[in-house]
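*Asks:* return a 3D structure for these sequence lines:
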Amino acid sequence: MSKGLRIVAIAGLLAGTVSTVSAQSVGNYKFLNGSNVAAFGYSVGTYKAQLDGRLLDVYCVDFLNHIARGNQFKVYITSLAGPAPDLGKTRFGSYAGQLDRYKQAAWLATQFKPTNTSQWGSIQGAIWHLTTPFAPRLTAAQNVLVNDWMDRAARNFSRFYYNNVSLLTDTALDRCRAANPGSAPWNGCGRQEHIFIDGGALTVTPEPGSVALLATGLVAISGIGAIRRRRTKALE
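*Replies:* Numbers count the residues shown, from 1 in each chain. The predicted structure is shown next:
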């Protein structure tokens, strides 16, 4: 690769635009177990599953539907990469503003591990209220804590890339969509929808000024190299 092409590729990586993940693929999914932390009568936080034999940490974004240890089924793997990923195979993708809600849910999911388990119920409650129309009813005190986490997600989620975030949705929803196309989210059809963050963390989005400054620096380096080559040839 020429120096000029290398600079273009590096600038593209800095802007987060070089590689795109396939919008949808299908995998074999096995749910292993929920966490040992409970809130509102449900397991909350980090769940364990396998996707095509690979052990994953996954997170529930679907309060409406259920899953049990050992359940095995095929899932659509929907990447959240890019500015407008296709959410057509997800359970809640037809709802207005759902992309931002899924991204906020992903940001909240990254908060489980660094946060005391006493807060896991509030984080999970915030995820369910973002992604699911009928999340659990809360007491006044619980509502304050859940709203605080929702506010944090709204303030922080746009600072990150979501190229390593995927939704895992039971393919059984296809037959429900075909039979009842206007009945989203097809409650009771298919297993619970989960979210997976490859690597466990989100990538920080560089500030526009920083990207521009770095790109300018790369161009300047390229120009200096060209001047040096011309001087070297003149002295030969």
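*Asks:* tell me the contacts of the nearest residue to residue 65 once chain neighbours are set aside?
*Replies:* Spatial nearest neighbour of residue 65, chain neighbours left out: residue 192 (4.7 Å); criterion: CB to CB, 6 or more residues apart in numbering. Using the backbone N, CA and C atoms, a C-beta is placed for each residue, glycine as well. Residues near residue 192 by CB atoms under 8 Å, 6 or more residues apart in numbering: 60, 62, 65-67, 170.
*Asks:* using a markdown table, lay out those residues together with distance to residue 91 and pLDDT.
*Replies:* Shown next, in a markdown table, are the contacts of residue 192 (distance: CB to CB, whole Å; pLDDT from 0 to 100):
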| residue | distance to residue 91 | pLDDT |
| --- | --- | --- |
| 60 | 12 | 98 |
| 62 | 6 | 97 |
| 65 | 8 | 95 |
| 66 | 13 | 95 |
| 67 | 13 | 97 |
| 170 | 8 | 98 |
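*Asks:* out of the residues you listed, which end up buried?
*Replies:* By neighbour count, with 16 or more other CB atoms under 10 Å, the contacts of residue 192 hold 60, 62, 65, 67, 170 as buried.
*Asks:* could I get these as JSON lines with secondary structure and distance to residue 26?
*Replies:* Output for the buried ones among the contacts of residue 192, formatted as JSON lines (DSSP: H, G, I helix; E, B strand; the rest coil; distance: CB to CB, whole Å):
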{"residue": "60", "secondary structure": "strand", "distance to residue 26": "21"}
{"residue": "62", "secondary structure": "coil", "distance to residue 26": "19"}
{"residue": "65", "secondary structure": "coil", "distance to residue 26": "19"}
{"residue": "67", "secondary structure": "coil", "distance to residue 26": "18"}
{"residue": "170", "secondary structure": "strand", "distance to residue 26": "11"}
